[in-house]
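Enquirer: okay, predicted coordinates and the sequence, questions at the end:
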Amino acid sequence: MPEHALPEPEVAKEWLRTMMTIRRFEERAGEMYAKAKVGGFLHLAIGEEATIVGSGRALRDSDFLISTYRSHGHAIVRGTDPKRVMAELFGRVDGTSKGRGGSMHMFDLQKRFMGGYGIVGGNLPIAAGFALASDYQGADDVTLCQFGDGASNQGTFGETLNLAALWRLPVVFMVTNNRFGMGTALERHSAVTDLHKRGEGFGVPGMQCDGMDPLDTYHVTTEALRIAREERRPMLVEALTYRFRGHSMADPEEYRTKEQVEQWRARDPLLTFGDRLVAEGIIDADERTQMDADAVARIDEAVAFADASPHPPPESLYDDIYVLGGQVRGWYSLDERSPEPHKGEDERSMAQHDAADATPSTGEIPQQMTQAVEDN
Amino acid sequence: MAIVRYRDALNQALREEMTRDENVILMGEDIGVFNGAFKVTNGLLAEFGEKRVRDTPISENTIVGMGVGAAMIGLRPVVELMTINFSLLAMDQIINHAAHIRYMFGGQVSVPLVVRMPQGAGHQLGPTHSHSWEAFFLHVPGLLVATPSTAADAKGLLKAAIRDDNPVVFIEHEYLYGQRGEVPDDGDHVEDFGRAAIRREGDDVTIIGISRMAVTAQKAATVLADEHEVQAEVIDPRTLRPLDLDTILASVRKTNRAVIVEEGWPHGGVGANLAALIQEQAFDDLDAPVGRVTGADVPMPYAKNLEEIAYPHEQQIVDAVLATFRDA
């Protein structure tokens, strides 16, 4: 891997700061999980910060980033406040997805962080859809689609790469090769282990980067984005990285050796990149310590914020299933006609009111429905 | 009124909506150069060009997923799947993604996507091309489900589906594609979802027919009137999500008898669902158990004689209706 010159000092410091924020965030998230503040599955990206920050910083603000179920860092690198990411983990109303999605389903439309997705490989077609829309609308934006080595075995990988190449869509596929699909080693799940080569047969050229080095990841991703943007050719970038923790918090890690983990830990991007900034005089040891303390403080604030954020009110259970108005005047389910009026009826009467304002004729059915409930 | 074939009514809907809104694009297998496996998209490539009428590879899950992504950021894609059986390849994108994205991301985005697909038996297409699966999609919160049985509804509901901000599974019927019907030709014909149609009025029994079975039910109603002096009221729900249960319940309260007819399988079917709703809401009004007529509980066989007995015809509906009078 080539040795790249450091970017401007403020840029280099921001990269380190963001990697520290993600690391401290993930560590605290793990602690909060152990304290049962966080439920469900929790997939931590500790060890993968250079891949996240290097690729994330190659994007323009108007580009789209779409990720997987290991996506706290992706939200943070796009500028989503860690408070809102932590609140989502806590299942609170101030979470990025109002507590509906949890760890695996972060989303921030304003930052064009287009979501974490819980279905392995499910995000690739959606990424190509963003690229299709950008292309159709004549926009200059590129979509960066991140997924793991395990996802490269899904049917959507081949289908989407083929279509993206066929239609010359502005999308960069980035396989975050952390060497394991859950507990199955790369060599045991993929006949071809040079994953960047797996796009060639679909017409998608591959590139490889050192995912433990934010600089190399940045440069390779930048070039891939340029090709996708200017030449309208999708690219496949393989980032070689490693997760220091298990697949999720429920992982005894019986599938890998301590020695392997230690070898990769020696390449910890926070250590190597931080050391380099010190060696090249961008920061000194004290500033480095202070930056880390600031990251810890920031995450402390995020935890306090999440803890103070209210639980979603029970009456919000049915919110946001449908866009109301248009063809949907209420929420529809089997028990909507139960004798007790409930949220669905409230929404319907609201929608009825709105509809009556807009087009008087469409209020008729909701009225019938409300009447039917009253009749009961 | 103009007399139009069901497939041409769909074609008109697509053409009119593409003309009205440049964000409407079509994707599907052989919808362009081939003009569509069932010719629904006939002529649209020539009229709108390759940018808006996109022939795709055979990759159902991915083309639906691309529709999801494109819909999330401003387009209104209409994806055609060649038969409803192929929709199973795209179930991940239809359910885990199209239906859930708005909810799981806290309402930040909507998915104004239409996925069109034909269903139904009768052409000896065998066990992988002939099923009727509206029940699969009816099951899913977040989806709208349309099952038009007339040319007018095919056009009006498809136009409404394209304009709606929710993901819509739009279920056409292979038998109906060639059927003619009256379609209003005065301006913009849009039909509301959630509004059942009373196809025939009657006081003695309510027959609810889904998709093509709304047509078969009307034929059965004629037999019932001519040969058995039973006046059946035939209701076509037209959309299953949202469902116009009020019209169905009002009819059942009048007739005191209900028979539900669908082409799909009996277990966990539309009829099972409707029967539960009717008995929950109108138990005291019923003079007989709610009857169901469904497709046979088998994969659709190829042999013509077996296929014929594997989906409902008029006589089974007549028999089911008469059975509700047995103890009267």
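Expert: Here it is on my side, so go on.
Enquirer: what's the distance between the closest residue to residue A:253 other than its chain neighbours and residue B:179?
Expert: In this structure, residue A:253 finds its nearest non-sequential neighbour in residue A:246, 4.9 Å apart by C-beta to C-beta, 6 or more residues apart in numbering or on different chains. C-beta: built from backbone N, CA, C; applies to glycine. According to C-beta to C-beta, to the nearest Å, residue A:246 and residue B:179 sit 59 Å apart.
Enquirer: can you check residue A:57 too?
Expert: The gap separating residue A:57 from residue B:179 is 59 Å, by C-beta to C-beta.
Enquirer: now do residue B:195
Expert: Distance, residue B:195 to residue B:179, using C-beta to C-beta: 21 Å.
Enquirer: residue A:275 too?
Expert: From residue A:275 across to residue B:179, the span is 75 Å (C-beta to C-beta).
Enquirer: tell me where the stretch 51-200 of chain A has helices.
Expert: Ranges of helices within the stretch 51-200 of chain A are A:72-78, A:82-89, A:123-136, A:155-166, A:186-189, based on DSSP state H, counting those that start in this stretch.
Enquirer: does the second one come close to chain B?
Expert: No: in terms of C-beta under 8 Å from any C-beta of the partner chain, no part of helix A:82-89 sits within range of chain B; the closest distance is 8.7 Å.
Enquirer: what ranges in chain B fall below the confidence cut-off?
Expert: Across chain B, the ranges flagged by pLDDT under 70 are B:327-328.
Enquirer: neighbour count: residue A:275 and residue B:179, which is higher?
Expert: Neighbour count, other C-beta atoms under 10 Å in any protein chain shown: between residue A:275 and residue B:179, residue B:179 has more, with 18 against 12.
Enquirer: nearest residue to that one other than its sequence neighbours?
Expert: residue B:6 is the one closest to residue B:179 (C-beta to C-beta, 6+ apart), at 5.2 Å.
Enquirer: hmm, that neighbour is touching residue B:182, no?
Expert: No: if you go by C-beta atoms under 8 Å, residue B:6 and residue B:182 don't touch, sitting 11.6 Å apart.
Enquirer: between those two, what contacts are shared?
Expert: Residues touching both residue B:6 and residue B:182 (C-beta atoms under 8 Å, 6 or more residues apart in numbering or on different chains): residue B:151.
Enquirer: who has more neighbours, the two?
Expert: Remark: of residue B:6 and residue B:182, residue B:6 carries more neighbours, 27 against 13, as counted by other C-beta under 10 Å.
Enquirer: now do the end-to-end distance for stretch B:237-256.
Expert: End-to-end span of stretch B:237-256 (C-alpha to C-alpha, to the nearest Å): 18 Å.
Enquirer: try stretch B:226-237
Expert: End to end - C-alpha to C-alpha - stretch B:226-237 spans 25 Å.
Enquirer: can you check stretch A:79-97 too?
Expert: Start and end residues of stretch A:79-97 are separated by 15 Å (C-alpha to C-alpha).
Enquirer: what mean pLDDT does it have?
Expert: If you average the pLDDT over stretch A:79-97, you get 98.
Enquirer: mind listing what's buried in it?
Expert: For stretch A:79-97, burial by neighbour count (16 or more other C-beta atoms under 10 Å in any protein chain shown) applies to A:80-97.
Enquirer: and what of stretch B:21-40?
Expert: B:23-32, B:35-40.
Enquirer: got it, and stretch B:45-59?
Expert: By neighbour count with 16+ other C-beta under 10 Å, stretch B:45-59 contains the buried residues B:45, B:48, B:52, B:53, B:54, B:55, B:56, B:59.
Enquirer: give me the distance from that stretch to the chain's centre.
Expert: Remark: stretch B:45-59 is offset 24 Å from the chain centroid, using C-alpha atoms, centre = their mean, to the nearest Å.
Enquirer: repeat for stretch A:258-266
Expert: Stretch A:258-266 has its C-alpha centroid displaced from the chain centroid by 26 Å (C-alpha atoms, centre = their mean).
Enquirer: what are the buried residues along that stretch?
Expert: Those buried within stretch A:258-266 under the rule 16+ other C-beta under 10 Å are A:261, A:264.
Enquirer: quick one: mean pLDDT for it?
Expert: Mean per-residue pLDDT for stretch A:258-266: 93.
Enquirer: which residues sit against that stretch?
Expert: The contact list for stretch A:258-266 (C-beta under 8 Å, 6+ apart) reads A:47, A:212, A:242, A:244, A:253.
Enquirer: TSV please, covering these and showing pLDDT, neighbour count and secondary structure.
Expert: Output for these, formatted as TSV (pLDDT from 0 to 100; neighbours: other C-beta atoms under 10 Å in any protein chain shown; DSSP: H, G, I helix; E, B strand; the rest coil):
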residue	pLDDT	neighbour count	secondary structure
A:47	96	24	coil
A:212	97	25	coil
A:242	94	22	coil
A:244	93	17	coil
A:253	88	13	coil
